[in-house]
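K.L.:
need the 3D shape of this:
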Amino acid sequence: MKIAAFGGAGYIGSHTVRELMDRGHTLAVFDNLSSGLRGNLQPGAEFIHGDILQPTQVLEFLQKFQPEGVIHLAAFKAAGESMTNPEKYSTNNITGSLNLLNACAATGVKYFVFSSSAATYGAPQYLPMDEKHPTNPENYYGYTKLAIEQYLKWYDQLKSIKYAALRYFNAAGYDVQGRLNGLEQKPANLLPVVMECAAGMRASMQVFGNDYPTPDGTGVRDYIHVNDLAIGHALAFEKLASTQQSFIVNLGVNSGLSVLDVIKAAEKVSGRKVNYQIVARRAGDPAEVVADPRLAKEMLGWEAKHSDLQTLVETTWKAYLANGVVR
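P.N.:
A predicted model of the protein is given here:
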């Protein structure tokens with residue numbers, strides 16, 4: 001299948017492009033490189049430097065490449081920033097997505113795989129969280145993801161674009177074969193922040209609260225290895241092609257790791273001390289967020305194979321070593 005990956009030079013995007021190419025698909029990457037890296041571009045995949053905020057660029061690219069499928073990973077994703085700068089997220093995440101959907105409708109794209117988020121659910125009303133969990137986002141980033149899912153539902157009904165919305169939990173790790181090592185710029189997620197401390201790139205980090213009702217008092221999250229996410233994208237295209245039915249599905253592991261679990265594992269793998277300070281909880285942070293991935297297994301035959309704590313931490317530390325940033 002010919003597949004266009006919007007945001008395909010980014011962290012998740014580059015791993016997904018590699019997985020799809022390994023499976024024999026023909027890929028083209030469309031990315032403005034605002035957070036993606038040229039070093040993440042895969043040999044054999046066409047690259048177009050463009051922006052989803054430029055509808056003519058998007059349309060001309062799709063007219064030229066004529067893909068059957070599109071992956072959409074070209075979104076801003078910092079939940080905290082979305083609450084202080086909603087205009088940025090409205091423009092890129094919502095307007096950009098509509099530009100892309102309109103171009104897909106105009107060029108006959110059949111399949112659309114969307115990088116959605118567990119942020120669409122909001123605070124857990126029960127655990128583990130399945131796809132029937134109410135959607136009540138607690139940050140504007142999560143709202144933009146939910147809004148795009150709703151647009152996709154309409155474009156399915158009105159334009160016959162079949163879609164898969166993959167609700168990720170916490171992506172982490174690097175390619176288990178060591179082929180991709182492009183570090184995220186100004187990371188906000190836990191594991192790269194911990195690794196920057198271990199590598200000496202930052203002096204210390206903050207742990208937001210140690211008085212949660214969890215085994216060690218710190219927040220617990222469901223972490224999924226980026227290779228497992230990439231496999232989920234590939235299986236989503238196969239399912240769309242075989243059934244011609246749209247769907248929404250969680251990609252997670254139903255297993256939680258605390259902040260201190262991650263810090264201790266990073267110290268063990270790196271052999272270095274991670275300095276941290278306990279500070280007050282952040283408003284809106286739940287004690288625990290864990291996915292129910294049973295539907296993904298039933299529908300796609302997908303289950304996480306690389307998402308154990310050791311693999312998550314080891315592959316990330318190897319990426320930092322490969323970049324020569326360890327001080």
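
K.L.:
helices and strands around the helix or strand Val269 falls within, which ones?
P.N.:
Counting by DSSP states H and E, the element that carries Val269 is helix 259-270. Helices and strands touching helix 259-270, by 3 or more Cβ pairs under 8 Å, 6 or more residues apart in numbering; DSSP states H and E, are helix 190-198, strand 205-208, helix 309-322. Quick note: C-beta positions are derived from backbone N, CA and C, even for glycine.

K.L.:
between that helix and helix 190-198, how big is the angle?
P.N.:
50 degrees (axes from the mean of the first three to the mean of the last three Cα atoms, to 10 degrees).

K.L.:
look through this structure and tell me its longest helix.
P.N.:
When the chain is parsed with DSSP state H, its longest helix is helix 140-159.

K.L.:
could you check the angle the very next helix or strand once past it makes with helix 140-159?
P.N.:
Note on helix 140-159: by DSSP H and E, the next helix or strand toward the C-terminus is strand 162-168. Orientation check (the same axes, to 10 degrees): strand 162-168 against helix 140-159 gives 160 degrees.

K.L.:
before we move on, the earlier item: Asp228 is nearest to which of the helices and strands packed on helix 259-270?
P.N.:
helix 309-322 (9.8 Å; Cβ to Cβ).

K.L.:
for Ser307, helix, strand, or coil?
P.N.:
coil (DSSP: H, G, I helix; E, B strand; the rest coil).

K.L.:
hang on, it packs against Val226?
P.N.:
No. Using Cβ atoms under 8 Å, Ser307 is not in contact with Val226; the gap is 9.5 Å.

K.L.:
so who does Pro128 touch?
P.N.:
Contacts for Pro128 (Cβ atoms under 8 Å, 6 or more residues apart in numbering) come out as 222, 252, 254, 290-292.

K.L.:
of those, which is the nearest to Ser115?
P.N.:
Distance to Ser115, by Cβ to Cβ, is smallest for Gly252 among the contacts of Pro128, at 14.1 Å.

K.L.:
and the pLDDT for the closest one?
P.N.:
You'll see Gly252 listed with a pLDDT of 96.

K.L.:
I'm done for today, thanks for sticking with me.
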